[in-house]
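> Need the 3D shape of this:
(chains A, B, C and D)
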There are 4 protein chains.
Amino acid sequence: MIVVLRPDATKKQIDHIIKRVKELGLKPHVSRGVERTIIGLIGPEDVLRVTPLEVFPGVEKVMPVLKEYKLVSREFQKEDTVVKIDGGIKIGGNRIIVMAGPCAVEKKDLLLEIGKKVKEAGATVLRAGAFKPRTSPYSFQGLGEKGLKYLHEVGKRLGMATITEVMDASQIPLVAKYADILQIGARNMQNFNLLKEVGRAKKPVVLKRGMSSTIKEWLMSAEYILANGNFNVILCERGIRTFEDMTRNTLDVVAISVVKQLSHLPVIVDPSHATGKWGLVSAASKAAVAAGCDGLMVEVHTKPEEALSDGAQSLVPDNFSELMQQLRVLSKAIGRTI
Amino acid sequence: MIVVLRPDATKKQIDHIIKRVKELGLKPHVSRGVERTIIGLIGPEDVLRVTPLEVFPGVEKVMPVLKEYKLVSREFQKEDTVVKIDGGIKIGGNRIIVMAGPCAVEKKDLLLEIGKKVKEAGATVLRAGAFKPRTSPYSFQGLGEKGLKYLHEVGKRLGMATITEVMDASQIPLVAKYADILQIGARNMQNFNLLKEVGRAKKPVVLKRGMSSTIKEWLMSAEYILANGNFNVILCERGIRTFEDMTRNTLDVVAISVVKQLSHLPVIVDPSHATGKWGLVSAASKAAVAAGCDGLMVEVHTKPEEALSDGAQSLVPDNFSELMQQLRVLSKAIGRTI
Amino acid sequence: MIVVLRPDATKKQIDHIIKRVKELGLKPHVSRGVERTIIGLIGPEDVLRVTPLEVFPGVEKVMPVLKEYKLVSREFQKEDTVVKIDGGIKIGGNRIIVMAGPCAVEKKDLLLEIGKKVKEAGATVLRAGAFKPRTSPYSFQGLGEKGLKYLHEVGKRLGMATITEVMDASQIPLVAKYADILQIGARNMQNFNLLKEVGRAKKPVVLKRGMSSTIKEWLMSAEYILANGNFNVILCERGIRTFEDMTRNTLDVVAISVVKQLSHLPVIVDPSHATGKWGLVSAASKAAVAAGCDGLMVEVHTKPEEALSDGAQSLVPDNFSELMQQLRVLSKAIGRTI
Amino acid sequence: MIVVLRPDATKKQIDHIIKRVKELGLKPHVSRGVERTIIGLIGPEDVLRVTPLEVFPGVEKVMPVLKEYKLVSREFQKEDTVVKIDGGIKIGGNRIIVMAGPCAVEKKDLLLEIGKKVKEAGATVLRAGAFKPRTSPYSFQGLGEKGLKYLHEVGKRLGMATITEVMDASQIPLVAKYADILQIGARNMQNFNLLKEVGRAKKPVVLKRGMSSTIKEWLMSAEYILANGNFNVILCERGIRTFEDMTRNTLDVVAISVVKQLSHLPVIVDPSHATGKWGLVSAASKAAVAAGCDGLMVEVHTKPEEALSDGAQSLVPDNFSELMQQLRVLSKAIGRTI
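Below is the predicted model of the structure:
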């Protein structure tokens, strides 16, 4: 931690700061420059998190030197984390994993029909929501437990792993009973109770980036899960909110690479929510694969016109199949499989 | 709802759309322009929320005509909502209500000391968090139930109403037992389970705007609470996330006026989180009052240097008292009291 | 400047950095912490602006200690700058200056009619554009020199000072001939040629904040003008671009206070562009005055229905007059006049 | 254009609107719904651009049906535009064109050295700035005409086309004399005088997206150039400003695909400015190529430590060469060459 003093800081003020940080067990290191005096603090920065040095008289600003996340960092673990799902699927290895399916579970038959199609095309994880976070209280809110059962049955029948969203800490036991991977949605990225409980649940977790969360905040949320004992975390970039309104969100494709440098956790991308338009899903998916993602989560629906949720961003099976074909060639070109 | 067709839309595509919207009980109204054909749909737009017309072949874009929120709208209720709190406090009337106190409950004595000071200065509601949403799992997470008890006792002793944050639906009964007003934090603005349960709880609720939520989304979240039976909702603007980094958030002061035009609900402002710096709280508070807010929620701490949370944005009692003095003059100038 | 080294930085890398900064005339100050080594650099930071230390092997990040702007800073000049306009108007003093008029000069008679109305209501500076920056090449682009002449004549006749936009360095002599204050629009805030030339022109300048410019960048642009010899700079906050779409821009009302702390320059606010809707101009103006601005620039038009530019955000004279009445009371309450 | 009326709009107000739009030569089409009356306007929307219908009494909102740009649209020209540069380079065809070189021209020898390296690696256009837009007036501002001459000589000697930035309309004749492609920087995307003059100059133009410009505004700026007679426009995505601060900007990779759907103009990407860090340039370049861009503009410097501008985001020749190798494989996988 570096404390930059105001040009008019008095000796008394400086002494007060030095006294205080010494009490906290830190070693202050004063350096008088031409225009500013600065104090470097040596020792564990953690104790400073609860001491707001910026309010001390004479302080102009405080600059942290260390990163706040630990367990998720590359410094803590050099090797890539590979999350293993029941059924032999590995996320974070050479093979790019594709999760596909409808936005929401609607009917069992329909889910089976879509599941078959996406499996044929190469997806290995079936996605579908039973609890749906919807902006409007009047929109379809999901089938709840019935939806979880359908997802479980269809997944089993097709030999696919399953992923579905958990919206509240109280739902974890129920969702964990039926699904292989728990998904934390963008709106819940900083629902800290949910993060803690999912940390205790030990099931693999996909943590979506909040729509206006920085990469640092995203890693801090993952840190909550790891700090509670669950290292099976997969990060999911799904677009951030910007001023651009031609797309639902702005896919931050470079974030994949930033996260890979800072953390050992696998990163997947949701091109459907990132763009909000099925006609842009293909370009977004290719960009994500080329940029080094470990997986994709794509919305596919046989009848987007009748989908109860997010039809506008769902691919039909034929388009999805064509995309998978192209991604296969692309993955090979970068030395990976899909 | 207006459906704009692509310039190359075929008759067959148009007929398909017309057939489908008729099945939904809507009356289509086709209008052929020079460059585009458009279809106006007359009837309840709600049925269209689950039918994604934008994926129908031949459609270029779909433009909603009506607002999605109903119960919170000025059209539904012309008169301003006035939320009544136990102890005779009214939020949304002529008097501007000031809520003040430390960010978090730390110790009972300290809370009492701060409470006395803010009451003397003119605050009528005591604020302090027992459950703290913190970006880092290693930061102080609040005292929990012990904190709620302290808040309740201090509020009672000083004759002040109390407000505190509820972070999870499961905490509602506990928090409702001790506090007069439930606060939903910015990170939980779209925690829909929490919104529904708070709707059923009937206690007055302060709903903070999400840090990257549009005004429309904010009103939709309030709609969740009203739709579940609780009309005692107070909206709280607390700054939005932008690219500017000199302040913690950017106070959207004009949002007060926008909301007042669209909705009958009272609006208060949190100048402490909006700015993140105590030296800017005064200017933000004055701007909010001049712009027509119904209340303020201000962080005050006797020893910001030792605050366990958000010390940098807390006023000391003397500054708070001086601010209240200035706000009294300002309120009078706009025909209100404080 | 503080250089934070990577945890794996080698002695050779550190020596290389030390050697290089010594060559630049700086005194390095190495401090070895538990997890990181940092190097503090003492001496003029300017020489480092052209040496990208972040690319040196072993460097994790570089943190500047000093502000990059000098002449515009409070440290350089403690007293508020008061810009004097011909005719005895002072911007930056106790009196809040109101500039009003139509978005664009359209006809001389109309300008005179509007000018009379705004003068009656209390405005002392007449605003109107002769060169209009328009997003579309097919929109009205302004009357050019004819518009400047009209503005000059009307201003003279009414005894009002005048302000108008200069869009290009080549227009400066022409505009300076007719107007008392040169305005640099938001889109040109980083048109550095224009800034330099305006700096040499010596006329008072209103520098609008770019729609996505940080306060720091805004001050750096002002620095260009001062560094070229012109200290008569007035900053104008006019809203920044955010995700919120109910308003044209988001008024950053707290920026007034931030700038006042960092700089000695006066700050005015444009509530018309900040909101984009005449129904919100009043609330924005009051907030700005309460927050401490030194002036306002308001669009007023007698027939907004027929305005060739920005009619939607123009007040009619009656609304403007009512607003001025309210601002008079408000200004008094904060110890100022208007 | 669709005019949505307020629920309380009177017959008199509706008649006033109808009368007015008829005077403008449009055919109004009134449609009374359950909750709102709307008026569809048939005829050329252009005449409405100067009539702000939103200020008419009784109007709630106005929704445009047509796009504002014409010449740049796919509807105007179905086939992709291919811009031809002297020396046989075509931008917008199957081959992806790579422009590379230092941020700024510093010395002739250095430019030649860098030019050789990038040519060897596969770049065909040499980039380097002679006029540099810099946030600080105290930063290196470029060599001016001397820089242009060096660029011209080195380009000629190596048989490479050249591109450099033009910052002001007055510089166009000078820059056009020395460079093959004129570049308009992000800060000048809405410098309308510059756009008009570049439109008259007829030289190929690279138009960078403004750092907070929507895709629509970007296309409108291109429309200025085409409307003034120059169809040789290449769009360049270079990242947009968001809240994320780990990267200099956020690369909007999906914008490539959006623009390709809306317009016939070629789109290239600047991965260096988009990321601001050389360690992220490779991922950004691959993502851009996979997403369908027609070219890349990359900063390369032999000694980033000594670069006078933007050293932190420059690749060294070895990294650039390795990247080109990878892009070659990637381009082949998507059926293109590089």
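
> what ranges do the helices span in the stretch 151-300 of chain A?
Per DSSP state H, counting those that start in this stretch, the stretch 151-300 of chain A carries helices over the ranges A:172-178, A:192-201, A:215-227, A:254-262, A:271-275, A:278-290.

> what comes up buried for the fourth one?
Buried residues in helix A:254-262, counted by 16 or more other Cβ atoms under 10 Å in any protein chain shown: A:254-260, A:262. Just so you know, the C-beta spots here come from the backbone N, C-alpha and C atoms, and that holds for glycine as well.

> again with the last one
Along helix A:278-290, these residues count as buried under the neighbour rule (16+ other Cβ under 10 Å): A:278, A:280-290.

> restrict those residues to those near chain D?
Applying Cβ under 8 Å from any Cβ of the partner chain to those, one finds that A:280, A:283-284, A:286-290 fall near chain D.

> now these in TSV, with pLDDT?
Converted to TSV, those look like this (pLDDT from 0 to 100):
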residue	pLDDT
A:280	97
A:283	98
A:284	98
A:286	98
A:287	98
A:288	98
A:289	98
A:290	98
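
> And the residues you listed, which is closest to residue A:236?
Ranked by distance to residue A:236 (Cβ to Cβ), these are led by residue A:288 at 10.7 Å.

> if I look at the residue lying closest to the closest one once chain neighbours are set aside, how far off is residue B:257?
Leaving aside its sequence neighbours, residue A:288 sits nearest to residue A:269 (Cβ to Cβ, 6 or more residues apart in numbering or on different chains; 3.8 Å). Going from residue A:269 to residue B:257 by Cβ to Cβ, to the nearest Å gives 39 Å.

> Equivalent analysis for residue A:172, please.
42 Å.

> Equivalent analysis for residue A:99, please.
Counting by Cβ to Cβ, the gap from residue A:99 to residue B:257 is 44 Å.

> With residue A:254 instead?
38 Å.

> Near chain D, which residues of chain A? Just list them.
A:212, A:214-216, A:240, A:242-247, A:250-258, A:261, A:274-275, A:279-280, A:283-284, A:286-292, A:326, A:329-330, A:332-334.

> hang on, isn't residue A:172 packed against residue A:201?
Yes. The pair residue A:172 / residue A:201 is scored as a contact, 5.4 Å apart, by Cβ atoms under 8 Å.

> Look at the two and report which has more neighbours.
Ranked by neighbour count (other Cβ atoms under 10 Å in any protein chain shown), residue A:172 and residue A:201 place residue A:201 first, with 21 against 17.

> so the more buried one sits right up against residue A:171, yeah?
No. Between residue A:201 and residue A:171 there is no contact, the gap being 10.9 Å when judged by Cβ under 8 Å.

> is it fair to say residue A:60 lies in a strand?
Yes. Assessed by DSSP: H, G, I helix; E, B strand; the rest coil, residue A:60 belongs to a strand.

> need the contact list for it.
A:4-6, A:36 (Cβ atoms under 8 Å, 6 or more residues apart in numbering or on different chains).

> Could you check how far it is from residue C:67?
10 Å.

> show me what contacts the nearest residue to residue A:155 once chain neighbours are set aside?
In space, and not counting its chain neighbours, residue A:155 is closest to residue A:162: 3.9 Å by Cβ to Cβ, 6+ apart. Shown in contact with residue A:162 (Cβ under 8 Å, 6+ apart): A:125-128, A:151-152, A:155, A:178-181.

> 10 Å instead?
Residue A:162 makes contact with A:85-87, A:99, A:101, A:115, A:125-128, A:148, A:151-156, A:178-181, according to Cβ atoms under 10 Å, 6 or more residues apart in numbering or on different chains.

> Give me the contact status of stretch A:72-89 with chain B.
No. Remark: stretch A:72-89 sits outside contact range of chain B, by Cβ under 10 Å from any Cβ of the partner chain, the gap being at least 10.7 Å.

> Check whether that stretch comes near chain C.
Yes. Using Cβ under 10 Å from any Cβ, we find that stretch A:72-89 touches chain C at residue A:75.

> Report the rounded mean pLDDT for that stretch.
Averaged over stretch A:72-89, pLDDT sits at 93.

> Extract the CA atoms of it and return them as PDB.
Extracted in PDB, the C-alpha atoms of stretch A:72-89 (Å, rounded to 0.1, in the frame of the first residue of the first chain):
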ATOM      1  CA  VAL A  72      -8.200 -17.700  -7.800                       C
ATOM      2  CA  SER A  73      -4.900 -16.100  -8.800                       C
ATOM      3  CA  ARG A  74      -2.200 -17.600 -11.000                       C
ATOM      4  CA  GLU A  75       0.200 -16.800  -8.300                       C
ATOM      5  CA  PHE A  76      -1.600 -19.100  -6.000                       C
ATOM      6  CA  GLN A  77      -1.800 -21.900  -8.600                       C
ATOM      7  CA  LYS A  78       0.300 -21.900 -11.700                       C
ATOM      8  CA  GLU A  79      -1.500 -24.700 -13.600                       C
ATOM      9  CA  ASP A  80      -4.800 -24.400 -15.200                       C
ATOM     10  CA  THR A  81      -7.700 -25.700 -13.200                       C
ATOM     11  CA  VAL A  82      -9.600 -28.500 -15.000                       C
ATOM     12  CA  VAL A  83     -13.100 -29.000 -13.600                       C
ATOM     13  CA  LYS A  84     -14.300 -32.600 -13.900                       C
ATOM     14  CA  ILE A  85     -18.000 -33.300 -14.400                       C
ATOM     15  CA  ASP A  86     -19.700 -36.600 -13.900                       C
ATOM     16  CA  GLY A  87     -19.600 -38.600 -17.200                       C
ATOM     17  CA  GLY A  88     -16.000 -37.800 -18.000                       C
ATOM     18  CA  ILE A  89     -16.400 -34.200 -19.200                       C
END
